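A.B. asks: Dropping the sequence and predicted coords here.
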Amino acid sequence: MCGMEIYNTLTKKKESFQPNESVKINMFVCGPTVYDYIHIGNARTFVFFDVVAKYLKHKYGDNNVNYIQNITDIDNKIIERADKEGVNPLELAKKYTETFKEDMESLGVSSPEYKNATDHIPQVINQVQTLLNKGNAYIIENDGIYFDLSTFPDYGKLSNRTALMADDAVSRIDDSDKKRNRGDFAIWKFKQHNDPSWSAPFGEGRPGWHIEDTAITEKYFGPQYDLHGGGQDLMFPHHEAEIAQQESASGLKPFVRYWMHGGFLINKPVSSTDRESKMSKSTGNFETAHELLKKYPKEVLRFYLLSSHYRAPLSFNETSLNQAEAGIQRINEFKQNLESTLNNENGMGSMANISITEAEFFRKIEDDFNIPEALGQFFNLIRTINPSLKSGLNKNDAKLILEFVQKINKILGIIPNEQENIPTDISRLSDQRELYRAEKNWEKSDEIRLQIESLGYKIEDTVYGPLLKKKK
Ligand code: AMP
């Protein structure tokens with residue numbers, strides 16, 4: 001492999017990632033529809049693309065990456081929820097836009113610039129008008145303006161579907177018996193009841209879901225750009241619709257050069273009759289990021305969300321969160337031990353070749369963002385260096401390793417500034433227990449477990465080693 005490769009959903013293969021000639025990378029990711037708190041599944045997508053943007057900035061320079069995320073603050077789901085709660089839809093959207101931004105900040109997601117759909121109505125109107133003028137869209141009286149799929153033969157190129165297969169994407173708002181083709185989707189809905197609406201030359205109304213994104217990206221990036229991301233559920237029909245709209249409006253192809261889609265965070269079955277399912281707001285089976293952030297530090301949540309390859313499913317369960325907690329504990333101990341070695345004039349040289357480890361770490365990141373394997377390299381380094389940290393590492397090597405740790409942290413955001421410190425006598429006991437476990441001396445290791453428990457701590461074994469926690 002030479003240079004960075006990304007799995008491109010459009011070509012269905014890993015491709016070398018080449019910035020465009022200007023070296024400015026324009027990147028867009030679909031943001032939340034704000035009618036509730038976001039769940040940890042949404043957060044998986046947002047944290048992953050935060051890492052993508054931070055890595056691209058690390059590689060190409062901070063000023064060479066523009067990362068925009070939209071906020072869907074007008075939509076059917078918002079109107080329905082507001083009706084139920086007896087509040088104004090735009091007020092409801094405003095409230096959950098704020099909670100979303102707070103959650104993102106608490107999760108250390110700092111790379112995107114957010115753009116609300118309702119701040120881009122003139123751009124939406126402009127695009128709808130262009131599609132009408134070019135004959136790609138048509139009006140259904142007292143209903144809305146629809147995209148005519150028969151005018152866009154490329155429909156389905158991202159998800160390998162056809163326009164006919166678009167039937168299953170038809171939502172209630174796109175369901176009119178006056179449509180030319182079953183899969184035609186609304187790009188503008190005429191005003192109904194007291195729904196929020198904006199005046200337009202073709203009739204007062206509001207944007208369809210798909211057009212807000214292309215209106216926003218056309219304003220900031222132009223009709224073509226580099227990278228578009230989102231969860232797998234958005235590939236069809238949402239991203240197909242975006243391609244149809246923008247390529248029809250501008251006549252330029254491809255609309256986006258690289259498409260990246262993240263796997264789902266899934267709920268494990270709770271009973272034998274239950275099925276594994278995507279965590280989802282609309283079904284109600286979700287854990288909000290807001291609540292989880294009260295129980296776990298952001299680094300633990302980020303580590304957990306990044307612990308499986310982004311295109312693979314990730315299960316939501318306590319064991320995985322505990323593993324993430326143990327992983328963070330190991331990293332934190334490592335960092336603290338390195339810091340305490342920084343004045344050590346006479347220590348030994350390290351047993352690891354740091355520049356090789358660093359190169360391997362970034363090679364994994366450049367291989368379609370294989371973060372789990374990159375972290376594997378980092379944990380190998382921790383295992384190799386730990387013995388020298390105990391016997392005394394020299395300050396130059398400690399400094400070099402700490403610089404590498406900081407580089408990792410700038411991209412992944414998984415290293416805590418402060419964490420509850422485990423008292424030295426407890427961690428010594430835990431180290432002793434690890435030695436007994438390595439010798440398979442279970443009797444002695446159990447004795448130490450009981451001793452640790454009698455001192456007010458509990459110990460749990462995970463793939464990242466023992467997790468020590470204060471008993472509540
Ligand atoms: P929504 O608010 O439903 O439009 O979702 C916002 C973002 O979260 C989109 O990029 C979705 O693809 C993503 N998303 C939704 N549910 C999940 C899930 N269970 N796992 C991972 N990403 C998800």
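C.D. replies: Arrived safely, thanks for sending. Residues are numbered from 1 along each chain as shown.
A.B. asks: how about the residues of the stretch 251-400 of the chain near the ligand?
C.D. replies: 262, 264-265, 278-280 (C-beta under 6 Å from any ligand atom). Just so you know, the C-beta spots here come from the backbone N, C-alpha and C atoms, and that holds for glycine as well.
A.B. asks: out of these, which are inside strands?
C.D. replies: Members of these lying in strands (criterion: DSSP state E): 262, 265, 278.
A.B. asks: Not counting its neighbours along the chain, what's nearest the last one?
C.D. replies: Yep, that's residue 278 we're talking about. residue 264 (4.4 Å; C-beta to C-beta, 6 or more residues apart in numbering).
A.B. asks: What count of nearby residues applies to that neighbour?
C.D. replies: 20 (other C-beta atoms under 10 Å).
A.B. asks: tell me the contacts of it?
C.D. replies: Counting by C-beta atoms under 8 Å, 6 or more residues apart in numbering, residue 264 touches 41, 44, 231-233, 278-279, 313-314.
A.B. asks: Dump the residues of the stretch 251-400 of the chain next to the ligand into CSV; add pLDDT as well.
C.D. replies: Formatted as CSV, those follow (pLDDT from 0 to 100):
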residue, pLDDT
262, 98
264, 95
265, 96
278, 87
279, 88
280, 85
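A.B. asks: rewinding a little: which of the contacts of residue 264 fall in helices?
C.D. replies: Residues of the contacts of residue 264 located in helices (DSSP state H): 41, 44.
A.B. asks: Mind picking the two most distant members of the contacts of residue 264?
C.D. replies: 233 and 314 (14.4 Å; C-beta to C-beta).
A.B. asks: So between these two, which is more surrounded?
C.D. replies: residue 314 (22 against 15).
A.B. asks: Contacts only, for the more buried one.
C.D. replies: 44, 263-266, 305, 307-308, 320.
A.B. asks: Tell me where this protein has helices.
C.D. replies: Using DSSP H, the helices assigned to the chain run over residues 40-60, 76-85, 89-106, 121-133, 209-221, 240-250, 289-295, 298-305, 318-340, 354-366, 371-391, 395-412, 424-438, 442-454.
A.B. asks: Which residues are in contact with the residue in the chain positioned nearest to the ligand?
C.D. replies: Closest contact between the chain and the ligand, by C-beta to the nearest ligand atom, is at residue 231 (2.1 Å). Taking C-beta under 8 Å, 6+ apart, we find residue 231 in contact with 30, 41-42, 44-45, 261-264.
A.B. asks: And residue 221, by the same measure?
C.D. replies: Residue 221 touches 26, 28, 66, 68, counting by C-beta under 8 Å, 6+ apart.
A.B. asks: can you do 6 Å?
C.D. replies: Residue 221 sits next to residue 26 when contact means C-beta atoms under 6 Å, 6 or more residues apart in numbering.
A.B. asks: Just the pLDDT at it, thanks.
C.D. replies: Note for residue 221: predicted pLDDT of 97.
A.B. asks: Ok, residue 41 next?
C.D. replies: Predicted confidence (pLDDT) for residue 41: 96.
A.B. asks: roughly how far apart are it and residue 6?
C.D. replies: 22 Å (C-beta to C-beta, to the nearest Å).
A.B. asks: now swap in residue 150 and tell me
C.D. replies: 33 Å.
A.B. asks: Those two: which has the busier surroundings?
C.D. replies: A direct count of neighbours by other C-beta under 10 Å for residue 150 and residue 6 places residue 6 higher, at 20 against 12.
A.B. asks: Am I right that the more buried one is in contact with residue 16?
C.D. replies: No - counting by C-beta atoms under 6 Å, residue 6 stays clear of residue 16, with 8.3 Å between them.
A.B. asks: quick one on the thing from earlier: please convert the ones in strands among the residues of the stretch 251-400 of the chain next to the ligand to CSV, extending it with neighbour count.
C.D. replies: Listed next are these as CSV, based on neighbours: other C-beta atoms under 10 Å:
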residue, neighbour count
262, 27
265, 25
278, 17
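A.B. asks: List just the nearest of the contacts of residue 231 to residue 105.
C.D. replies: residue 42 (15.0 Å).
A.B. asks: tell me the contacts of the closest one?
C.D. replies: Contacts for residue 42 (C-beta under 6 Å, 6+ apart) come out as residue 32.
A.B. asks: where does the stretch 251-400 of the chain dip in pLDDT?
C.D. replies: Along the stretch 251-400 of the chain, segments meeting pLDDT under 70 span 268-275, 347, 350-352.
A.B. asks: redo that, cut-off 90
C.D. replies: Within the stretch 251-400 of the chain, the stretches with pLDDT under 90 are 267-286, 333, 336-355, 384-398.
A.B. asks: repeat for the stretch 51-200 of the chain
C.D. replies: Filtered on pLDDT under 90, the stretch 51-200 of the chain yields the residue ranges 160-177, 182-183, 193-194.
A.B. asks: now for stretch 143-160, what's the gap between its first and last residues?
C.D. replies: End-to-end distance of stretch 143-160 (C-alpha to C-alpha, to the nearest Å): 30 Å.
A.B. asks: Pull out the buried positions in it.
C.D. replies: Residues 143-149, 151-152, 155-159 are the ones in stretch 143-160 that count as buried (16 or more other C-beta atoms under 10 Å).
A.B. asks: Closest to residue 73 out of the residues you listed?
C.D. replies: Nearest to residue 73 among these is residue 144, at 19.0 Å by C-beta to C-beta.
A.B. asks: is the closest one in a bridge, and if so with what?
C.D. replies: Beta bridges link residue 144 to residue 140, residue 189 when assigned by DSSP bridges.
A.B. asks: So which bits of the stretch 101-250 of the chain are right by the ligand?
C.D. replies: Counting by C-beta under 6 Å from any ligand atom, the residues of the stretch 101-250 of the chain near the ligand are 230-231, 233-234.
A.B. asks: Most widely separated two among those?
C.D. replies: 230 and 233 (8.1 Å).
A.B. asks: give me every residue that touches the residue nearest to residue 80 when sequence neighbours are not counted.
C.D. replies: Leaving aside its sequence neighbours, residue 80 sits nearest to residue 35 (C-beta to C-beta, 6+ apart; 7.9 Å). By C-beta under 6 Å, 6+ apart, the contact set of residue 35 is 77-78, 81.
A.B. asks: change it to 8 Å
C.D. replies: Contacts of residue 35 by C-beta under 8 Å, 6+ apart are 75, 77-78, 80-82, 92-93, 96, 281.
A.B. asks: Out of the residues you listed, who's the most crowded?
C.D. replies: Most neighbours among those, by other C-beta under 10 Å: residue 93, with 26 neighbours.
A.B. asks: these two touch, right, that one and residue 74?
C.D. replies: Yes - in this structure residue 93 lies within contact range of residue 74 using C-beta atoms under 8 Å: 6.8 Å.
A.B. asks: anything in contact with each of those two?
C.D. replies: Listed as contacting both residue 93 and residue 74 by C-beta under 8 Å, 6+ apart are residue 118.
A.B. asks: hmm, which two among the contacts of residue 35 are most spread apart?
C.D. replies: Using C-beta to C-beta, the contacts of residue 35 reach their maximum pairwise distance at 82 and 281, which is 15.0 Å.
A.B. asks: which one is residue 389 nearest to, not counting chain neighbours?
C.D. replies: The shortest distance from residue 389 to any non-neighbouring residue, by C-beta to C-beta, 6+ apart, is to residue 337 (4.5 Å).
A.B. asks: Having no further points to raise, I will conclude here.
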